[in-house]
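Asker: Based on what follows, work out the 3D shape:
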Amino acid sequence: MAFLKDITFTGSLGDFSAYKMKGSDKIILRRKGGPKKETVNNAKSYALNRLHRQEFGGSATLGKYVRFMLGANRTISNYNITARLNSILKHVKRQDTEGELGKRALRLSSVPTLLQGFPLNKQNTFDTIMPPTVRWSIARETRSAHIELPELIRGTNFNPSNQQPFFCVTAVLGIVPDILYSEARTAYGPPEWFDGMYTPVSVSSPWYPAKSGAPPITLELSANMTPPDDAYTLVLSIAVRFGALYANDKIELLDYMGAAKILGAM
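Answerer: Alright, predicted model coming up:
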């Protein structure tokens, strides 16, 4: 991997491609290469590669649903969480010791703790701004979650940047389906019951002046759908988000300001 410094362009140029990546202000330069697509898709010598690629596609699909179920908290991410998520979720398929290579099940519900503490930020993380004082629980039987924060005292257990005027705390609870290989579709996907009606639910605290901190905060969430089986994982995330007061006396969110993480999954 190389980085462009004095020459700034993105796109293709001959055998090279230049592009930017979230979380970096540099332009990355790569040389195009590798076997042709037709060779990879059909040659016997790439048969094993195709099986691993198929399972990687399943992991990527699982990662897509995890990111979707982070709801509004995902927008606070300041780096490419997709790559890091995929790296973690590849361990899910290893739990299937009976399935054949290329078709192993991706049951996050068997190892939900893989996601616990997953940060959505590299700098100024949630634990930096709000050192670990959050108490939380997930009740799978009722598909609900409970969060408690103590009184937030600036400089003690609350460390926002000096220029942030207001803040709130947002929690999101989502249902992430297990991903299985379908012989009928010859592809990975969620169970048939999982459709567009499954969306994350969120709740936010009131706005508080960042200089003053906040009284104890309690947040309650409950999923709005009931899956017909246990092939799913409840994912609970939390974020501290910042806002500013505008001329209409309304506090509005500041884009990309704040920090978030996955509290836990069950």
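Asker: Below-threshold pLDDT in the stretch 1-150 of the chain: ranges please.
Answerer: Within the stretch 1-150 of the chain, the segments meeting pLDDT under 70 span 1-9, 11-16, 19, 21-25, 29, 31-52.
Asker: Summarise which helices and strands the helix or strand hosting R67 is packed against.
Answerer: Following DSSP states H and E, one finds R67 within helix 47-68. Helices and strands touching helix 47-68, by 3 or more C-beta pairs under 8 Å, 6 or more residues apart in numbering; DSSP states H and E, are helix 37-42, helix 81-89, strand 166-177, strand 187-189. Where C-beta positions appear, they are placed from N, C-alpha and C, glycine not excepted.
Asker: what number of residues lie near G196?
Answerer: 5 (other C-beta atoms under 10 Å).
Asker: should've said D229
Answerer: That count, for D229 with other C-beta under 10 Å as the rule, works out to 10.
Asker: surely it meets P191?
Answerer: Yes - assessed by C-beta atoms under 8 Å, D229 is found in contact with P191 at 7.2 Å.
Asker: contacting residues for I76?
Answerer: 120-121, 239, 241, 256-260 (C-beta atoms under 8 Å, 6 or more residues apart in numbering).
Asker: Now do the strands in the protein.
Answerer: In chain order, the chain shows strands spanning 2-4, 11-13, 16-20, 27-31, 135-139, 144-149, 166-177, 180-182, 187-189, 201-204, 208-209, 217-222, 232-245, 251-265, with DSSP state E as the criterion.
Asker: sorry, back to before: dump the contacts of I76 into JSON lines; add distance to V201 as well.
Answerer: As requested, the contacts of I76 are exported to JSON lines (distance: C-beta to C-beta, whole Å):
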{"residue": "L120", "distance to V201": "18"}
{"residue": "N121", "distance to V201": "23"}
{"residue": "A239", "distance to V201": "14"}
{"residue": "R241", "distance to V201": "17"}
{"residue": "Y256", "distance to V201": "23"}
{"residue": "M257", "distance to V201": "23"}
{"residue": "G258", "distance to V201": "19"}
{"residue": "A259", "distance to V201": "21"}
{"residue": "A260", "distance to V201": "16"}
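Asker: ok, now how distant is G258 from P215?
Answerer: 20 Å (C-beta to C-beta, to the nearest Å).
Asker: which of those two has more neighbours?
Answerer: Higher neighbour count among G258 and P215: G258, with 27 against 12, using other C-beta under 10 Å.
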